[in-house]
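Q: need coordinates for the below:
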Amino acid sequence: MAVSYHRMRFLWPVALTSVLLLGLSAYGVVFLLRQQEITSSGLRQNIINRRTAADTQESLLDLVGLLKNHVEHIREIHERIEKHLVEIREYSESLPDHGPAERFLESCRRYFELWNRSHQAGVDREQALRETQRLLEHETLPRCQELVDYQTLLIDRSDEEHRQSIRWLAWGMGMVGGTGAVGGLLLGFGVARGLSRTIRRLQVGLHDAAGKLDPAMTEIVLTGIGDLGKLEGQLQELMGRIEQMVRNYQQRESEVLRAEQLAAVGQLAAGVAHEIRNPLTSIKMLVQSGREDRGGLPDEDLEVIEREVLRMERSLKVFIDFARLPKPERREQNLVEISRQTLDLIRGRAAKQRVELKLTCLPGPQNVEADGEQIRQVLVNLCLNALDAMPAGGLLEVVVRRLSREVEVSVFDTGPGIAHEVLPRLFEPFMSTKKTGLGLGLVISRRIAEEHGGRLEIINRVEGGASCTLCLPGQKREEG
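A: Modelled structure (predicted):
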C-alpha cells in the first residue's frame, strides 16, 4: 500500500502536467492550423476570382476588336462573357466591397441592352454599333479593369494574412515547445525533489532497520548528488546481512524444533513411566505380601495382577500408536456398518449413563477404501469422548452422509460443548481435560484420518454440544 501511495504521488503530477501540456499543444496547433487554413482558402478564392475577372477583361478586348472590324457574328464570345458574369455575380456577395463588381455588372447589362436594340427594326444599326463600341471602350472595360485591380488588392491582402498566419503558426509551435520544455524542467525539478525526500526517508528507515539487525552496523549516509550508487552498495550490504540473519534464524528455529521434539520425547517418557509405575507398584505389593505369608497368592490378587498387566499393555499400545502409527491396510469398507458396530460397542456404557444412541444414514452402503480397524478406533474414541461429556444423560447421534466426493461420519452430543480456550489445542499431544486421560486419542485419530487422505474436524454446535466429523474420500460409483 505504501509503495502504491508513493508511486501515485509521483504519477499524478506527471500525468496531470502531461495531460495539460498535451491539451494546450493540441488546442494551439488546431487553432493555428484553422487560421492558416482560413487564410489559405481566402487566398485561393481571391486568385480564382481575379482569374475570372481577367478572363472577362480579355473577352471584352476581343469583343471590342471584333466590333471595330464590323464583325457581327459574335455569339460565342457573348456566351463566354455571360458565363464569366454568372461567376462574378456568385462571388460578388462575398467581397468586402461590392461596388466594383456591381458597377461592372451594371455596365455589362447596359451593353447587352444596346446590342439587342441595334438589331431591332427601324434602328440605325451603324449608329447603334458605334454607341455600343464606345460603351465598351469608355465604360465597361475601365470598370472591368477596376474589378481586376480590386481583386489584385484582395490577393495582396490575403497573401499578407497568409504570411502572418504562418508566422503565428511558427511562433505558436515555438511557444508550445517552449512551454513543454519549461513544464518538463519544472516537473523534473519537482519529481527530483520528491525523490530526494523519499530517498531521505528510505535512508532513515534503512538506518533504523540496520540498527535493529546489528547495532554495530555501518550507518547508511547519502552525502550529496550522485551518491545513489553508494546507496545501492549499502543496500546490497544490508540485504546480505538480512540474508545472514534469516539463515541464523532458520538454524535457531531448527534447533528450537529439535528441542521441542526432545521435550515431547521426555514428556512421552514421563507419561509412560507414570502409567506403568502405578500398576507395577500394585503388583510389587501383592508379590511381597505373598512372600511374607509364604503361601500361594489368592485368586483375587491374581485377578488384580492380571488387570494391572492389561492396563499396562493398553497404555503401551497407545504410546506405540502415537510414536509409530501402523500403515493402514485398505479394503472396501461400509461406513454405515462400522458406525453401527461402534454404537453396539458403547451401548452398555450409554445405558448406564442414560444416553440415547441414534444412527442416521441413507439407505444402502456408503463404501470407502480404508482400514476398518483404524476407522473403528477413531469412531470409538469420538463416541467415548461424547459419553464423557454427558455423565447425566443426553443424546449421542451418529450421522453418515455422502457428499459429492466424500463420505462424512459425524458424532453429535448434547453435552456442554468444548471450552473456547481448549478448542484450538485439542490436537496437541498430551492435551487432556480428563484427570486420567493421556491426551493422545484425538492426536492419533487425526493422524489416522490424514493417513486415509481425509480430515477430522471438531467444533461446537450452535444448538449446544459438540460436533466431531470424520471426512474420508468416497469410492467412485460404478456406472452401468
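Q: drop to CA atoms for contacts and neighbour counts, all remaining ones
A: Will do.
Q: now stretch 68-79: buried residues?
A: Within stretch 68-79, no residue is scored as buried using 16 or more other Cα atoms under 10 Å.
Q: so what touches that stretch?
A: Surrounding stretch 68-79, the residues in contact under the criterion Cα atoms under 8 Å, 6 or more residues apart in numbering are 59, 63, 66, 133.
Q: let's see it at 10 Å
A: Contacts to stretch 68-79, defined as Cα atoms under 10 Å, 6 or more residues apart in numbering, come from residues 59-60, 62-67, 81-85, 112, 126, 129-130, 133.
Q: show me what residue 472 is bridged to.
A: residue 407 (DSSP bridges).
Q: next, count neighbours for it.
A: Under the neighbour criterion other Cα atoms under 10 Å, residue 472 is assigned a count of 25.
Q: quick check: residue 110 touching residue 140?
A: Yes. When contacts are counted by Cα atoms under 10 Å, residue 110 is listed as touching residue 140 (9.1 Å).
Q: the more surrounded of the two?
A: A count of neighbours by other Cα under 10 Å puts residue 140 above the other of residue 110 and residue 140, at 24 against 15.
Q: hmm, residue 102 and the more buried one touching each other?
A: No. With contact defined as Cα under 10 Å, residue 140 does not reach residue 102; the gap is 11.6 Å.
Q: shared neighbours of the two, which are they?
A: Counting by Cα under 10 Å, 6+ apart, the residues touching both residue 140 and residue 102 are residue 108.
Q: which element follows the helix or strand bottoming out on mean pLDDT in the chain toward the C-terminus?
A: Sorting the helices and strands of the chain by mean pLDDT, DSSP states H and E puts helix 299-323 at the bottom, at a mean of 65. Beyond helix 299-323 in the direction of the C-terminus, DSSP states H and E gives the next helix or strand as strand 331-334.
Q: and the helix or strand following that next one, what's buried?
A: Next along the chain after strand 331-334, taking DSSP H and E as the criterion, comes helix 335-352. For helix 335-352, the neighbour count (16+ other Cα under 10 Å) marks 335, 336, 338, 339, 342, 343, 350 as buried.
Q: where does the prediction get shaky in the stretch 351-480 of the chain?
A: For the stretch 351-480 of the chain, the stretches with pLDDT under 70 are 430-439, 476-480.
Q: please redo it, this time with the cut-off set to 90
A: 362-367, 377, 403-405, 418-447, 451-452, 463-464, 474-480 (pLDDT under 90).
Q: do the stretch 201-350 of the chain as well
A: Within the stretch 201-350 of the chain, the segments meeting pLDDT under 90 span 201-330.
Q: quick check, residue 397 in a strand?
A: Yes. Applying DSSP: H, G, I helix; E, B strand; the rest coil, one finds residue 397 inside a strand.
Q: give the bridge partners for it, please.
A: Legend: beta-bridge partners of residue 397 under DSSP bridges are residue 358, residue 412.
Q: about what we covered before: turn the buried residues of helix 335-352 into JSON lines, including distance to residue 414.
A: Listed next are the buried residues of helix 335-352 as JSON lines, based on distance: Cα to Cα, whole Å:
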{"residue": "335", "distance to residue 414": "23"}
{"residue": "336", "distance to residue 414": "22"}
{"residue": "338", "distance to residue 414": "22"}
{"residue": "339", "distance to residue 414": "19"}
{"residue": "342", "distance to residue 414": "19"}
{"residue": "343", "distance to residue 414": "16"}
{"residue": "350", "distance to residue 414": "13"}
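Q: quick one: which of those residues is nearest residue 452?
A: Residue 452 has its nearest neighbour among those in residue 335, at 13.6 Å by Cα to Cα.
Q: got a list of what the closest residue to that closest one other than its chain neighbours touches?
A: Nearest non-adjacent residue to residue 335, counting by Cα to Cα, 6 or more residues apart in numbering: residue 366, 5.7 Å away. Taking Cα under 10 Å, 6+ apart, we find residue 366 in contact with 332-337, 400-402, 406-408, 474-475.
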